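> Sequence unavailable; structure follows:
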């Protein structure tokens, strides 16, 4: 049965199934197929046969055929410019200049912005010595495409080759009205220099540096003047360039070139002035070459002072970089200020100080302010000692004291330095006001001591007494203050007042160094030869503490009196101390007492008393005891040394046992 066309159209063709889907052993790539086809040249087309034209008719037929092919190509691809150019060049080869010109014009009608068409068209006219036609084409080209530099270069080159320099100059002038790139200006200048027109070249440079005001162009202009031996003009160009850029847009290269120019003219003072001016105004990070060239110049032509000046400038640059990277690096500021003070003007030093003190520590904690405050101190000392500006010094101190947060912390050094400055200015009233304000705002031990020392130097003892009283009201635990107060009264000869101060001091409930205070009081009474009072003080002190050093000091005091009964009193003190310390658990203290007693008897006693003390000396014994940790577990045993005193009743059995053990040990070698 036959199928209808509709049925046949709707049926899908059968696809042969691939039984073996395994990859073939030999794989063939598309690249291999193409390479083999190229090698075998399977599609090679033989070249057309060469024809020889022998008569005019055959030539006309050939031309007609070729023109028809070119025209067909143009109809197919009208916008493809290579087809037009090939057509025009073929017509040119047939000496049909008019036809070629017509083809180029038709091509320009299609795309008048195609640079290649214009160039080929003009080259054809120049090749065939049609100069006016070529000028016409170049004029049209530069009018339509004034930014195509090729047209201008070709046009000016043609005019110059023809010897028509005025025409070339006119073309360049037309070009310069469009303010082209730098190379165009340089070409114009070189053309003028080829014909020795230096003044015209100078005028072009004047316009050039205004249209393209880069540093390299100003340098080229100055180098042009220098090359033509116009030294003053060259210097004026450099000066105009510096003025042109101003202080806000200074360029390092300009100053380096200016300095090198002056160096060639052997104007070394001018060179130094240029380098210094540049280094003062150009940012330090952009002045590396300046430093380098300045150093080289000074090494060549400078003296020792000049070389040191360069080194100082370089160090200044390094410090500037450091403080810019970290403004709170006060050590860098100190080094920078030390450098500037050694070789700098007052205004410059003040500027650096102002910049330094403007970097206030970020936190109001004294540890951050310790280094910072020395900037203010150095500033004030500089103003006073170097600048001799006393009013400004006073302002520096006042500004610093206003800045410090006195409610949190203060610096007594600043208050004292300010007061000492006022004293040097013979302004005692202000100095007292300053210290009084300091004590009222933020009392400190150092402030009180400084104020008291000032009044002592002025011999104002009543004021000293008032200050000591204020000081003790502020801090009654300070034993040094009590001692100094009593010492002042002693110097003034008021013994009872000094003694009363000591009595008040030792009766205070809390003291920072009570042993020092008691010793000072005792030494004071000994100095006054009040031995009964001294003994009473020792007795009162022993009521408070049974320290062995107190007993030893007491005994040594008795021995040092020098009367007939002093040895007996000292021995009695040692015996009393020994009885008292017998109940103490600190056996080392008792040993120390006995050693001191033994030395005393050796120096001042007889053999009997010395032997009596030696009999009381303890035996040193090594013992073991169990060690426990914090949680109560056993941690083993440890050895320690203990002292056994023969006079203690509890130690008698131990001593007998030790004596028997010693005797047995001595008898062992004899038995052997």
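Alright, I've got the coordinates. On a predicted model such as this, the values are computed, not experimentally measured, just so you know.
> which of the residues in stretch 133-147 are buried?
Buried residues in stretch 133-147, counting neighbours by 16 or more other Cβ atoms under 10 Å, are found at 133-135, 137-138, 140-142, 145. For every residue, glycine as well, the C-beta is placed using N, CA and C.
> out of those residues, who's nearest residue 366?
Among those, residue 145 lies closest to residue 366 (Cβ to Cβ), at 76.7 Å.
> For the closest one, give me its contacts.
113, 115, 118, 151 (Cβ atoms under 8 Å, 6 or more residues apart in numbering).
> Export those as JSON lines, with columns for distance to residue 529, secondary structure and pLDDT.
JSON lines is the format used below for the contacts of residue 145 (distance: Cβ to Cβ, whole Å; DSSP: H, G, I helix; E, B strand; the rest coil; pLDDT from 0 to 100):
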{"residue": "113", "distance to residue 529": "125", "secondary structure": "coil", "pLDDT": "88"}
{"residue": "115", "distance to residue 529": "123", "secondary structure": "helix", "pLDDT": "88"}
{"residue": "118", "distance to residue 529": "128", "secondary structure": "helix", "pLDDT": "91"}
{"residue": "151", "distance to residue 529": "123", "secondary structure": "helix", "pLDDT": "87"}
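> The residues you listed, buried ones only, as a PyMOL selection?
A single PyMOL command selects the buried members of the contacts of residue 145 (16+ other Cβ under 10 Å):
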select buried, resi 118+151
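> C-terminal to the one helix or strand residue 497 maps to, which secondary structure element comes first?
Here residue 497, judged by DSSP states H and E, is contained in helix 495-506. Sequence order places helix 514-527 as the next helix or strand after helix 495-506, per DSSP H and E.
> now that following helix against helix 495-506, angle please.
160 degrees (axes from the mean of the first three to the mean of the last three Cα atoms, to 10 degrees).
> Quick one: residues contacting the residue lying closest to residue 513 once chain neighbours are set aside.
Nearest residue to residue 513 in three dimensions, chain neighbours excluded: residue 479, at 4.5 Å (Cβ to Cβ, 6 or more residues apart in numbering). Shown in contact with residue 479 (Cβ under 8 Å, 6+ apart): 505, 511-514, 516-517.
> What is the nearest of these to residue 229?
Within these, proximity to residue 229 (Cβ to Cβ) peaks at residue 512, which comes in at 88.8 Å.
> Double-check the closest one against residue 478; I have them as touching.
Yes. Using Cβ atoms under 8 Å, residue 512 makes contact with residue 478 at a distance of 6.2 Å.
> Among those two, which residue is more densely surrounded?
residue 478 (19 against 12; other Cβ atoms under 10 Å).
> circling back to that earlier point, name the residues of the helix holding residue 497 that are buried.
Neighbour counts over helix 495-506 (16+ other Cβ under 10 Å) mark 498-499, 501-502, 505-506 as buried.
> same question, stretch 245-261
250-252, 254-259, 261.
> residue ranges for the helices of the stretch 451-600 of the chain, please.
461-474, 479-491, 495-506, 514-527, 531-544, 548-560, 566-581, 587-604 (DSSP state H, counting those that start in this stretch).
> Centre of the chain to the helix holding residue 497, how far?
Centroid separation for helix 495-506 versus its chain: 58 Å, with Cα atoms, centre = their mean, to the nearest Å.
> What of stretch 393-413?
Distance of stretch 393-413 from the chain centroid (Cα atoms, centre = their mean) equals 28 Å.
> ok, which stretches of the stretch 301-450 of the chain are strands?
Per DSSP state E, counting those that start in this stretch, the stretch 301-450 of the chain carries no strands over any range.
> what helices or strands is the helix holding residue 497 leaning on?
helix 479-491, helix 514-527 (3 or more Cβ pairs under 8 Å, 6 or more residues apart in numbering; DSSP states H and E).
> can I get those helices in TSV with distance to residue 561?
Converted to TSV, those look like this (distance: least, Cβ to Cβ, whole Å):
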stretch	distance to residue 561
helix 479-491	21
helix 514-527	9
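> In a helix, residue 624, correct?
No. Counting by DSSP: H, G, I helix; E, B strand; the rest coil, residue 624 falls outside a helix, being strand.
> Name the residues linked to it by a beta bridge.
Judged by DSSP bridges, the bridge partners of residue 624 are residue 639.
> Confirm for me that it is in contact with residue 636.
No. The criterion here is Cβ under 8 Å, and residue 624 misses it with residue 636 at 10.0 Å.
> could you check the angle helix 461-474 makes with the helix holding residue 497?
Going by the same axes, to 10 degrees, helix 495-506 makes 10 degrees with helix 461-474.
> Now tell me what touches helix 495-506 from outside.
With contacts defined as Cβ under 8 Å, 6+ apart, helix 495-506 is touched by 479, 482-483, 485-487, 489-490, 511, 514, 517-518, 520-521, 524, 528, 540.
> Mind checking which of those are buried?
479, 482-483, 485-486, 489-490, 511, 514, 517-518, 520-521, 524.
> Which single one of the residues you listed is nearest to residue 354?
For these, the nearest to residue 354 is residue 485 (44.0 Å; Cβ to Cβ).
> Residue 136 and residue 37: what is the separation?
Noted for residue 136: a distance of 53 Å to residue 37, by Cβ to Cβ, to the nearest Å.
> Name the nearest residue to the one residue sitting closest to the centre of the chain, sequence neighbours excluded.
Nearest to the mean C-alpha position of the chain, by Cα atoms, centre = their mean, lies residue 322 at 3.4 Å. When the adjacent residues along the chain are set aside, residue 322 lies closest to residue 332, with 4.2 Å between them (Cβ to Cβ, 6+ apart).
> Next one, pLDDT for residue 203 please.
Residue 203 is assigned a pLDDT of 91 by the prediction.
> Report the contact partners of it.
Per Cβ under 8 Å, 6+ apart, neighbours of residue 203: none.
> doesn't it fall inside a strand?
No. With three-state DSSP as the criterion, residue 203 is helix rather than part of a strand.
> what's the spacing between it and residue 210?
Using Cβ to Cβ, we find residue 203 at a distance of 12 Å from residue 210.
> Point out where the stretch 151-300 of the chain drops to low pLDDT.
Counting by pLDDT under 70, the ranges of the stretch 151-300 of the chain that qualify are 284-285, 291, 295, 297-300.
> Residue 91 is in contact with residue 66, correct?
No. In this structure, residue 66 is not within contact of residue 91 by Cβ under 8 Å, at 9.5 Å.
> These two: who's more crowded?
residue 91 (23 against 14).
> show me what contacts that one?
Residue 91 sits next to 97, 99-100, 103 when contact means Cβ under 8 Å, 6+ apart.
> What residues sit buried inside the host helix or strand of it?
Element membership of residue 91 [criterion: DSSP H and E] is helix 81-93. Residues of helix 81-93 classed as buried by neighbour count (16+ other Cβ under 10 Å): 81, 83-85, 87-88, 90-92.
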